[in-house]
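Undergrad: Show me how the following folds:
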Amino acid sequence: MNLLSITFCENAENAKKLIDMIMKNYSNEDVEISNEILSNGKFNTIDFYIDRNEINKNNSLYNDFSDVFKHYAAVGISNHIVDNLEFKIIERILHTNYYFLKINERKFIMKQLNEYLDNEIHDKNVDVPYKVNRKAKILYKLVDFLDENETINIEGFVNFRLRTYLDDLYEVIDRVIEEYVMEKEYKEFIKLLKYFVNIQESKIDLINILVDKKGKYHFFDEENKLIDNEYIRGLIADLVDNNLNNDDMLVSTLITIAPKKIVFHFANNVKNSEIIETIKNIFDGKVYICNKCKICNVSKRIIKE
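TA: Numbering: from 1, shown residues only. Take a look at the predicted model:
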């Protein structure tokens, strides 16, 4: 007496794994469930069945037993889709929609996606990992489908019954790739700026940058005096006239004068903490953060402005 038939594009070894996923929670010792794997080209079908003599199909007990077993099957299939099939779905999406990515880039993105999909909290209001959330949504759809069907093609079910799940995957993939592209462009931009700085002649050995409470930058020379170099003062004035924001002006100034050493004072007043990391990346090994020194004590009035 057939309980359920599951067809999917997997080899016999994976079919056995799916059987184990479904049967591991089954504990009814009174009714033995048998299974058989049938191969047809690239497809494998798992048939689950019980002895006709054990439960009469016309008896209400059969319907109750069938419903319980289908729930076990739905749990196993949802685990299979997320734990095994999802990787192949993502690979197919990357190959089809992001064919321009190099093989090593796809491998890196796959690693990022796996970490994101395994650990990300999908809903911040409900502390449930995204992976668990996906399985729950798929399980709900499976239970609903198996309530009316005794056969299921997993690939067909995913493609036609799990559109919301696939849309979620597309959204996550787009987000991870967007972050990857932005990070790649950022690194290339930093590399270009580093090259530009390295080929320039340094116009000052040391520059002290004091950050006041408003986040404004003040420039001091190596003798702890406000910079009065005509060239540098003119450069800063030009940048101000070009309506650059505070951070852009800082980076542009430093790149142009290419100091051999940069020291930040009162760095905790910087409004955008990422700007210091950017400067560190551009001026590799030349940036220092001062906690307390002579220039800090001398310049307290400026910092309080």
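
Undergrad: need the helices for the stretch 151-300 of the chain, in chain order.
TA: 154-161, 163-199, 230-241, 246-257, 274-282, 294-298, 300-303 (DSSP state H, counting those that start in this stretch).

Undergrad: Which of the ones you listed sits closest to Lys137?
TA: helix 163-199 (6.4 Å; CB to CB). C-betas here are computed from N, CA, C, even on glycine.

Undergrad: Which positions within that closest one qualify as buried?
TA: Judged by neighbour count (16 or more other CB atoms under 10 Å), helix 163-199 contains these buried residues: 165, 168-169, 172-173, 176-177, 180, 193, 197.

Undergrad: And the average pLDDT for that helix is what?
TA: Mean pLDDT, computed over helix 163-199, is 93.

Undergrad: With stretch 69-84 instead?
TA: 94.

Undergrad: And it, how far out from the chain middle?
TA: Centre-to-centre, stretch 69-84 and its host chain are 25 Å apart (CA atoms, centre = their mean, to the nearest Å).

Undergrad: cool, and stretch 150-159?
TA: Counting by CA atoms, centre = their mean, stretch 150-159 is centred 28 Å from the centre of its parent chain.

Undergrad: which one of the buried residues of helix 163-199 is nearest Asp67?
TA: Using CB to CB, those come closest to Asp67 at Tyr165, 23.7 Å.

Undergrad: So the closest one sits against Asn159, correct?
TA: No. Applying CB atoms under 8 Å, one finds Tyr165 not in contact with Asn159, separated by 10.4 Å.

Undergrad: coming back round to it: to Phe69, which of the helices of the stretch 151-300 of the chain lies closest?
TA: helix 154-161 (17.1 Å).

Undergrad: That closest one vs helix 163-199, what angle?
TA: Angle, helix 154-161 to helix 163-199, by axes from the mean of the first three to the mean of the last three CA atoms, to 10 degrees: 90 degrees.

Undergrad: I'd like to know which elements helix 154-161 is packed against.
TA: strand 2-8, helix 130-146, helix 163-199 (3 or more CB pairs under 8 Å, 6 or more residues apart in numbering; DSSP states H and E).

Undergrad: where does the stretch 101-250 of the chain dip in pLDDT?
TA: 119-129, 228-244 (pLDDT under 70).

Undergrad: if we go to 80?
TA: Low-confidence regions of the stretch 101-250 of the chain, defined here as pLDDT under 80, cover residues 118-130, 224-246.

Undergrad: ok, the residue nearest to Leu193 when sequence neighbours are not counted - contacts?
TA: Spatially, and ignoring its direct neighbours in sequence, Leu193 is nearest to Ile282 (4.9 Å; CB to CB, 6 or more residues apart in numbering). Neighbouring residues of Ile282 by CB atoms under 8 Å, 6 or more residues apart in numbering: 190, 193-194, 197, 251, 254-255.

Undergrad: Can you pick out the most distant pair from these?
TA: Of all pairs in the contacts of Ile282, the most separated under CB to CB is Ile190 and Leu254 at 13.2 Å.

Undergrad: How much space separates Val287 from Tyr180?
TA: 26 Å (CB to CB, to the nearest Å).

Undergrad: can the contacts of Ile282 go into a markdown table with extra columns for distance to Ile295?
TA: Below are the contacts of Ile282 laid out as a markdown table (distance: CB to CB, whole Å):
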| residue | distance to Ile295 |
| --- | --- |
| Ile190 | 28 |
| Leu193 | 27 |
| Lys194 | 27 |
| Val197 | 24 |
| Val251 | 22 |
| Leu254 | 18 |
| Ile255 | 23 |
